[in-house]
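Asks: Provided below for reference: sequence and predicted model.
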Amino acid sequence: MEIEFEQLIELQRLDYEIRQISLSLKKIPSQLKEIDAQINSHIQKVEQAKENLSQNQKKRRDMEAQVQDTKEKILKYKRQLNTVRTNKEYASLLKEIDTSQEKVDSMEEQILQEMLKSDEIKEEIKETEQKAEQEKEKLNLEKEKIQKEKSKMEKKHQELLQERKNLVPKIPSDQLNLYNTISNKKNGIALSPVKGEFCSMCHMRIRPQVLNELKEGNKLILCENCGRILYWLKKSA
């Protein structure tokens, strides 16, 4: 029986390339997801900086409102100074005025600090936005590159599948079935060339009688160790 070694070898080559492309295509969604996550991370940094500025401005408004309320109280206390009748009441009002003024001074100092902090946050927003835009541009280019590569791989994948479809009918069914059975068990590698006197996959020495039978090429011989289909690797190959 003539063994279609060339077709079997070609089939294994096609299956290997198909499998490798399939594995690469499976990785692409996670790669794109990771890029999107990085883009979102830069966007979130900008949003966080803007939120910090918003909180800063709200804090200043709240303190400014408290300062205004306290100043109005001070004016009220000062007007009451003209109406009190006892020294004790007068001293009490003066104390309230002093305490309130200290509060105003302290809060105005805090407002000033928040204003300075606001300037720092605005500068941070500017820098963060610039960096985010640069990173987004770079990452989007990377996404575009991956998408183009994906299209190429999908096209190549279809071409290889068609080649396989055209090749399979040329291989006798018993040889094809044996190939598929071993391929499924051996992670897609069903054939192993014999180099010198050894199986190239498991490096098991091949018995002289088996070597002679391989050179004749009239039957399928399995490696006694790894169970793959052996074939004689000619020097020209």
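Replies: Now that the structure is in, tell me what you want to look at. Fair warning: this is a prediction, and the values are worked out from it, not measured in the lab. Numbering: from 1, shown residues only.
Asks: residues contacting C226?
Replies: When contacts are counted by Cβ atoms under 8 Å, 6 or more residues apart in numbering, C226 touches 186, 192, 199, 201-202, 204. All C-beta spots, glycine's among them, are computed from the backbone N, C-alpha and C.
Asks: Now do it against D15, distance only.
Replies: Applying Cβ to Cβ, to the nearest Å, the value for C226 to D15 is 17 Å.
Asks: got any ranges where this structure has weak pLDDT?
Replies: 1-2, 234-237 (pLDDT under 70).
Asks: again, 90 this time
Replies: The chain contains residues with pLDDT under 90 at 1-6, 81-85, 187-188, 195-197, 212-219, 232-237.
Asks: domain ranges for it?
Replies: Here the domain parsing of the chain from automatic domain parsing is 26-150, 173-232.
Asks: most tightly surrounded among those?
Replies: Of those, the one with the most neighbours on average (mean count of other Cβ atoms under 10 Å) is domain 173-232, at a mean of 16.
Asks: center of the protein, which residue is that?
Replies: With distances taken as Cα atoms, centre = their mean, E34 lies nearest the centre of the chain, 2.0 Å away.
Asks: what about it, which helix or strand?
Replies: helix 5-81 (DSSP states H and E).
Asks: which other helices and strands contact that helix?
Replies: With contacts taken as 3 or more Cβ pairs under 8 Å, 6 or more residues apart in numbering; DSSP states H and E, helix 5-81 sits against helix 87-167, helix 173-185, strand 191-195, strand 229-232.
Asks: need the ones you listed in JSON lines with distance to N52, can you?
Replies: Converted to JSON lines, the helices and strands packed on helix 5-81 look like this (distance: least, Cβ to Cβ, whole Å):
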{"stretch": "helix 87-167", "distance to N52": "5"}
{"stretch": "helix 173-185", "distance to N52": "58"}
{"stretch": "strand 191-195", "distance to N52": "64"}
{"stretch": "strand 229-232", "distance to N52": "67"}
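Asks: Would you mind saying which of these lies nearest I9?
Replies: Closest to I9 of those, according to Cβ to Cβ: strand 191-195, at 6.2 Å.
Asks: what packs against that closest one?
Replies: Right, strand 191-195 is packed against helix 5-81, strand 229-232 by 3+ Cβ pairs under 8 Å, 6+ apart.
Asks: now that strand and helix 5-81, what's the angle there?
Replies: Relative orientation of strand 191-195 versus helix 5-81 (axes from the mean of the first three to the mean of the last three Cα atoms, to 10 degrees): 120 degrees.
Asks: Strand 191-195 vs helix 173-185, what angle?
Replies: Using the same axes, to 10 degrees: strand 191-195 against helix 173-185 is 90 degrees.
Asks: and after strand 191-195, which helix or strand comes next?
Replies: Taking DSSP H and E, what comes next after strand 191-195 is strand 198-199.
Asks: and the next helix or strand after that next one, what does it pack onto?
Replies: The helix or strand immediately downstream of strand 198-199 is helix 208-216, counting by DSSP H and E. In terms of contacts (3+ Cβ pairs under 8 Å, 6+ apart), helix 208-216 is packed against strand 221-222, strand 229-232.
Asks: what's next to helix 208-216, contact-wise?
Replies: By Cβ under 8 Å, 6+ apart, helix 208-216 touches 194, 197, 206, 219, 221, 230-232.
Asks: go on, stretch 38-47?
Replies: 125, 128-129, 131-132, 135-136, 139-140.
Asks: Now for L116: which residues touch it?
Replies: L116 neighbours (Cβ under 8 Å, 6+ apart): none.
Asks: what's near enough to touch the nearest residue to K50 once chain neighbours are set aside?
Replies: Take K50 and drop its neighbours on the chain: the residue closest to it by Cβ to Cβ, 6 or more residues apart in numbering is I125, 6.0 Å away. Applying Cβ under 8 Å, 6+ apart, one finds that I125 lies in contact with 46, 49-50, 53.
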